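> I would like the atomic coordinates for the input below:
(2 chains)
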Protein chains: 2
Amino acid sequence: MKAALLGFGVVGGGVYTMLQEHPGWEVAYVLDKREFPELGEKLVHSIDTIVNDPAVDVVVEMMGGTKPAFDFVAAALKAGKHVVTSNKALIAAYYNELTALARENGVALRCTAAVGGGIPWLTSLERACSVDTIESISGIMNGTTNYILDVMTREGKEFAGVLKNAQELGYAEADPTADIDGWDIRRKLVISSNIAYGISIQEEDIPMSGIRGITAEDIAAFTEAGLVCRMIASSARTAEGISATVEPMLLPKGAPEAAVPLNYNRISYVGERLGIQAFFGQGAGRYPTAANCVRDCLDIEAGKRSFYADKAVPTTIRNEGSLRRYYVRANDAAAFADVAESKLGCGIVTRAIPVPEMYARAEKCSFFAALREE
Amino acid sequence: MKAALLGFGVVGGGVYTMLQEHPGWEVAYVLDKREFPELGEKLVHSIDTIVNDPAVDVVVEMMGGTKPAFDFVAAALKAGKHVVTSNKALIAAYYNELTALARENGVALRCTAAVGGGIPWLTSLERACSVDTIESISGIMNGTTNYILDVMTREGKEFAGVLKNAQELGYAEADPTADIDGWDIRRKLVISSNIAYGISIQEEDIPMSGIRGITAEDIAAFTEAGLVCRMIASSARTAEGISATVEPMLLPKGAPEAAVPLNYNRISYVGERLGIQAFFGQGAGRYPTAANCVRDCLDIEAGKRSFYADKAVPTTIRNEGSLRRYYVRANDAAAFADVAESKLGCGIVTRAIPVPEMYARAEKCSFFAALREE
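The predicted model follows:
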C-alpha cells in the first residue's frame, strides 16, 4: 500500500516512522511547506502531485486546522483516495461534507486519532453502535486541562503557575486557549456524539465553559467537601433529544474520573445492553496518536470502506431538560441570589437549574462547575 | 449470513435475540441437549446437521467446558465454517490446535467474549499488537472475586457471607471454585498473553492463588495501612522471558484498580509506544457477552479471516526474576521466619522474594497476597 502524508510535524513524523517500518507499506510522498532534506524526493509542496498519482492509496492528513486541510482532504476523497486524519477541528467543522464525499466516492474516511489520541475510542464506539443503542457519552477528553486540575488538586498551586509548568513539559500550547477554554474538547464531543447517535451537530450549539478562572481557593474548598474537579465533556439521549455540555464538573473523590492522573484521558459510553464501558490512556503524544493513524491505515488495507457511522441526521442540542446544581464564584452575587442554595468556600452552590439558565448568567461569574450527583 | 449456535443458555439466548434482530443475519440452527419448543425446527441435537449444511457460514459456540465443545468446534473449522466462541476454557486448553485448524482451513476463529465479557479487550489488544510491542498486561478479569473483595472492603463482612450474597445475585456459581481459586482468571490470562506476545503457554504453568482464605481481619489491616486487595492477573516481558501470575494483590488505595466496583472488570496493557491503555466494563452478563459474540460475527461478515495473533511460539513461564513482597497469614510462622520483614495485622510482610519461592511455601499459609509497589 502507498501512503501520502500531509504534514511532517510531531504526529506526521511518528506515522512516517511507523508506516515505513510496516511490511507492505511505503510512504510515497510527504507534503509540507517546510524543507526536510532527509525526506529527499518524497517531499512535495503541492497537493496536486499526490491527488494526480494513481498509485497513492491512502492520504494521511496531520496538518491540523481547517485551511487548507479541508481543500486537500476533499480533493483526495474526490480523487478516490482513502483518507485517515487526526484532525479534530477538520472533522468537527466539515462533518457532513466529508462523510458525504467519502460515501459518494466509495472510499474510507477514518479519524480514530482525532479523539483520545492513542486510545481505541472511536473504533470501540463504532463496534458498540453496531450492536447496541448508545445512551450517553462522558469523559476526560483533554490532557492539558486534566494535568492542570490534577496538579492543582494534589499540590495546592495556583492556575497560572501550573499552566506555565504544563507548557514547559509540552502538555500545553504557547497559546493555551483551545485547551483551557474547551474548544478542543468540544470538537471531540461533536465527533463522538455524531458517531454515537448517528447525528450531525454544530460545535457552536454546545454550551462550553473552561477552567481559566479556577483558583487554588476553589480547589481547597472542593477538597474539603470531598469533591474533585475535572473537565468533563458529556452528551446523552434525553426526553427532549440530545443534550451536550463541556464544563468543569465536581465529582465525588471516589469517582473513576477523579483518579485519572496527569495528562491522561478517560472516556466512556453507556450502552442500553452493554452498560458502561470506559477507555483510559494517553490522549496525545507522537507515538500514541501516530499508532491510531497507522492502525486506521491497516484497517483500510484489510478492507474497511466506510466512516464510523452511516447516518448523520442534523440535530439541535437540547439542554433545557438537563438540571444541574452548580458551584458558582460570582462577580455579581445578586445575579445568583434567586438560585443560591448553600455556600461552598468563597462561592455558592445553586439549586438544580436547567443548564441553559446557568449559561445565560455565565458572564456574571468568574468560574463555575457543575456538581455531578452519583 | 447464516449462523448456527451451540448452546442456548444465558449467552446463547442473548446471541440468538441479537443476531435475529440484525439485518442480513439468520440463525439457522441452535444445538442444545435440552428441548426448547419456541425454537421449532431450528433446534437440533446433532452437530452433524450443522457441519454438513453448506449454507452455514458461522458457528457460534457458547456451551462452555472442553467436552464436547472441542470436538464440535474442530469439526466446524474442518468443514470450513468460521467459528466465534465465548468459551475461555476451550481456547486456553486447545490454543495451538484450534488456531492451527483455523489457519489450515482459511477461516476465522474469534473469541472476544472469552476475556472481559462485553469489553472490547481482545480486539483492542489485537489492534495494539499490530502497531506496537506489548510489554505487559495486568488487570481485574473476574467479576465474582472483585465483587467479593469490594463488598468485604466496603462493608467489613466475612468472606462466606459475601460469597453467599454473590451467589444469590447471580454473580457467583453454586460451585464457586473456578472463580475464587483463580481458574477462570488464569484461562483469560493465558489467552490474553498468547495474543499479546505471540506465544503459547500452558495454564498449569502459571502460579495461581485465590481468595478463599481471606478474612475480614486481613481486610481491616489492609485498610488501616491504606491498601486495597484486588485479584490481579498479570504477565510481562522480562529479562528471563515471560512472567505471569494470578494472585490477590495489595494496591495503594488511589490505584485505578482499587476503584473498580462490584463485579466490573478493568484490564490494561502497556505498549512500548502506546504507553498504558485500560479498558473497563461488565466482564459478564447475557447482553454484554452476547454483544461481543455478535460483533465478532459482524467482523467476519466484513471480511475478517484470522485469529488475533498469527504466531504461537511455545513458551515456558519464567517467574524467577520477579521479586515481590508478600503479605502472609501463616499456618506455620516458622516457615516464613527467614523472609519476614514486618508485621501487618495478624500476618507478616516478607522482604522482596522471587515469586516461585513464595509459591513453594504456599501450603504453609492460609492466605497470601502480593504488595504491588508503585
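> is it true that A:Ile199 touches A:Ile242?
Yes. A:Ile199 is within contact range of A:Ile242, at 6.4 Å (criterion: CB atoms under 8 Å). Placement of C-beta: from N, CA and C, glycine included.
> do you know how far A:Ala369 is from chain B?
According to CB to the nearest CB, to the nearest Å, A:Ala369 and chain B sit 21 Å apart.
> skipping its backbone neighbours, what lies nearest that residue in space?
A:Pro248 (3.8 Å; CB to CB, 6 or more residues apart in numbering or on different chains).
> now the one you found: how far from chain B?
Going from A:Pro248 to chain B by CB to the nearest CB gives 21 Å.
> in this structure that residue contacts A:Ser209, no?
Yes. When contacts are counted by CB under 8 Å, A:Pro248 is listed as touching A:Ser209 (6.9 Å).
> mind listing the shared neighbours of A:Ile199 and A:Ile242?
A:Ser193, A:Thr315 (CB atoms under 8 Å, 6 or more residues apart in numbering or on different chains).
> burial of A:Gly40, as a residue count?
Number of residues near A:Gly40 (other CB atoms under 10 Å in any protein chain shown) recorded here: 8.
> pull the contacting residues for it.
With contact set as CB under 8 Å, 6+ apart, A:Gly40 has no partners.
> please report how far the residue lying closest to A:Gly210 once chain neighbours are set aside lies from chain B.
Leaving aside its chain neighbours, A:Gly210 sits nearest to A:Asp181 (3.7 Å; criterion: CB to CB, 6+ apart). Going from A:Asp181 to chain B by CB to the nearest CB gives 27 Å.
> same thing with A:Ile300?
Counting by CB to the nearest CB, the gap from A:Ile300 to chain B is 12 Å.
> isn't that residue right up against A:Lys81?
No. Counting by CB under 8 Å, A:Ile300 stays clear of A:Lys81, with 10.2 Å between them.
> and chain A, which of its residues are near chain B?
A:18, A:22, A:118-120, A:123-124, A:127-128, A:130-132, A:254-256, A:259, A:268, A:271, A:273-282, A:285, A:287-288, A:290-291, A:294-295, A:298, A:302-304 (CB under 8 Å from any CB of the partner chain).
> mutual contacts of A:Ile300 and A:Lys81, please.
The contact sets of A:Ile300 and A:Lys81 overlap at A:Asp57, A:Val58 (CB under 8 Å, 6+ apart).
> A:Ala284 against A:Gly143, yeah?
Yes. Using CB under 8 Å, A:Ala284 is in contact with A:Gly143, at 5.2 Å.
> which residues do the two both contact?
A:Gly117, A:Asn263.
> and the residue nearest to A:Gly210, its phi and psi?
Main-chain dihedrals, A:Asp181, degrees, to the nearest 10: phi -90, psi -10.
> now do the contacts for it.
A:Asp181 makes contact with A:Met208, A:Gly210, A:Arg212, according to CB under 8 Å, 6+ apart.
> likewise A:Thr133?
Listed by CB under 8 Å, 6+ apart, the contact set of A:Thr133 reads A:Gly271, A:Glu272, A:Arg273.
> which residues sit against stretch A:97-107?
By CB under 8 Å, 6+ apart, the residues outside stretch A:97-107 that reach it are A:70, A:73-74, A:77-78, A:80-83, A:90-91, A:108-109, A:305-307, A:309-310, A:312.
> that one: which residues count as buried?
For stretch A:97-107, burial by neighbour count (16 or more other CB atoms under 10 Å in any protein chain shown) applies to A:Leu98, A:Thr99, A:Leu101, A:Ala102, A:Arg103, A:Asn105, A:Val107.
> hang on, A:Ala259 packs against B:Pro256?
Yes. The criterion here is CB under 8 Å, and A:Ala259 meets it with B:Pro256 at 5.4 Å.
> which stretches of chain A form helices?
Using DSSP state H, the helices assigned to chain A run over residues A:10-21, A:47-51, A:69-78, A:88-93, A:95-104, A:121-131, A:143-155, A:159-168, A:177-180, A:183-197, A:216-224, A:286-301, A:355-360.
> list the buried residues in the longest one.
Translated: helix A:286-301. Neighbour counts using 16+ other CB under 10 Å place A:286-300 of helix A:286-301 among the buried residues.
> likewise for the second one?
Taking 16+ other CB under 10 Å as the basis for neighbour counts, the residues of helix A:47-51 that come out buried are A:Ile47, A:Ile50, A:Val51.
> quick one: contacts for the last one?
It refers to A:Val51. A:Ala75, A:Ala76, A:Ala79, A:Lys81 are the contacts of A:Val51 under CB under 8 Å, 6+ apart.
> of the residues of chain A next to chain B, just the buried ones, ChimeraX syntax please.
If you want just the buried ones from the residues of chain A next to chain B in ChimeraX, going by 16+ other CB under 10 Å, the selection is:
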select /A:18,22,118,119,120,123,124,127,128,130,131,132,255,256,259,268,271,273,274,275,276,277,278,279,280,281,282,285,287,288,290,291,294,295,298,304
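> for the buried residues of stretch A:97-107, give me CSV that also has distance to B:Glu217 and pLDDT.
CSV is the format used below for those (distance: CB to CB, whole Å; pLDDT from 0 to 100):
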residue, distance to B:Glu217, pLDDT
A:Leu98, 61, 98
A:Thr99, 59, 98
A:Leu101, 66, 98
A:Ala102, 62, 98
A:Arg103, 63, 97
A:Asn105, 68, 98
A:Val107, 64, 98
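> okay, those residues in CSV with distance to A:Arg186 next?
Shown next, in CSV, are the buried residues of stretch A:97-107 (distance: CB to CB, whole Å):
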residue, distance to A:Arg186
A:Leu98, 18
A:Thr99, 19
A:Leu101, 23
A:Ala102, 23
A:Arg103, 25
A:Asn105, 29
A:Val107, 28
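> any of the contacts of stretch A:97-107 buried? List them.
For those, a burial check counting by 16+ other CB under 10 Å picks out A:70, A:73-74, A:77, A:81-83, A:90-91, A:108-109, A:306-307, A:309, A:312.
> where's the residue lying farthest from the centre of chain A relative to B:Met208, distance?
Largest separation from the mean C-alpha position in chain A: A:Ala334, at 35.6 Å (CA atoms, centre = their mean). Note on A:Ala334: its distance to B:Met208, by CB to CB, to the nearest Å, is 65 Å.
> related to what we said a few turns ago, overlap of the contact sets of A:Pro248 and A:Ser209?
With CB under 8 Å, 6+ apart as the test, A:Pro248 and A:Ser209 both reach A:Phe368.
> before we move on, the earlier item: and which of the buried residues of helix A:47-51 is nearest chain B?
If you rank the buried residues of helix A:47-51 by distance to chain B using CB to the nearest CB, A:Ile50 comes first, at 23.3 Å.
> quick check: that closest one vs A:Glu38, distance?
19 Å.
> contacts only, for the most centrally placed residue in chain A.
With distances taken as CA atoms, centre = their mean, A:Lys188 lies nearest the centre of chain A, 2.6 Å away. Residues in contact with A:Lys188, defined by CB under 8 Å, 6+ apart, are A:Lys88, A:Ala92, A:Ala114, A:Val115, A:Gly116, A:Met141, A:Asn142, A:Ala233.
> follow-up on the earlier one: what about the residue nearest to A:Ala369, how many neighbours?
The tally of other residues near A:Pro248 (other CB under 10 Å) stands at 24.
> now do A:Lys33
That count, for A:Lys33 with other CB under 10 Å as the rule, works out to 8.
> that one against A:Leu43, yeah?
No. Under the criterion of CB under 8 Å, A:Lys33 is not in contact with A:Leu43, lying 10.4 Å apart.
> can you list the low-confidence ranges for the stretch 251-374 of chain A?
Residue ranges of the stretch 251-374 of chain A with pLDDT under 70: A:374.
> mind listing the strands for it?
In the stretch 251-374 of chain A, the strands defined using DSSP state E, counting those that start in this stretch lie at A:264-271, A:275-282, A:313-314, A:323-330, A:340-344, A:347-350, A:353-354, A:365-371.
> could you save these as a markdown table and add columns showing distance to A:Met152?
Output for the strands of the stretch 251-374 of chain A, formatted as a markdown table (distance: least, CB to CB, whole Å):
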| stretch | distance to A:Met152 |
| --- | --- |
| strand A:264-271 | 16 |
| strand A:275-282 | 21 |
| strand A:313-314 | 39 |
| strand A:323-330 | 15 |
| strand A:340-344 | 17 |
| strand A:347-350 | 16 |
| strand A:353-354 | 26 |
| strand A:365-371 | 12 |
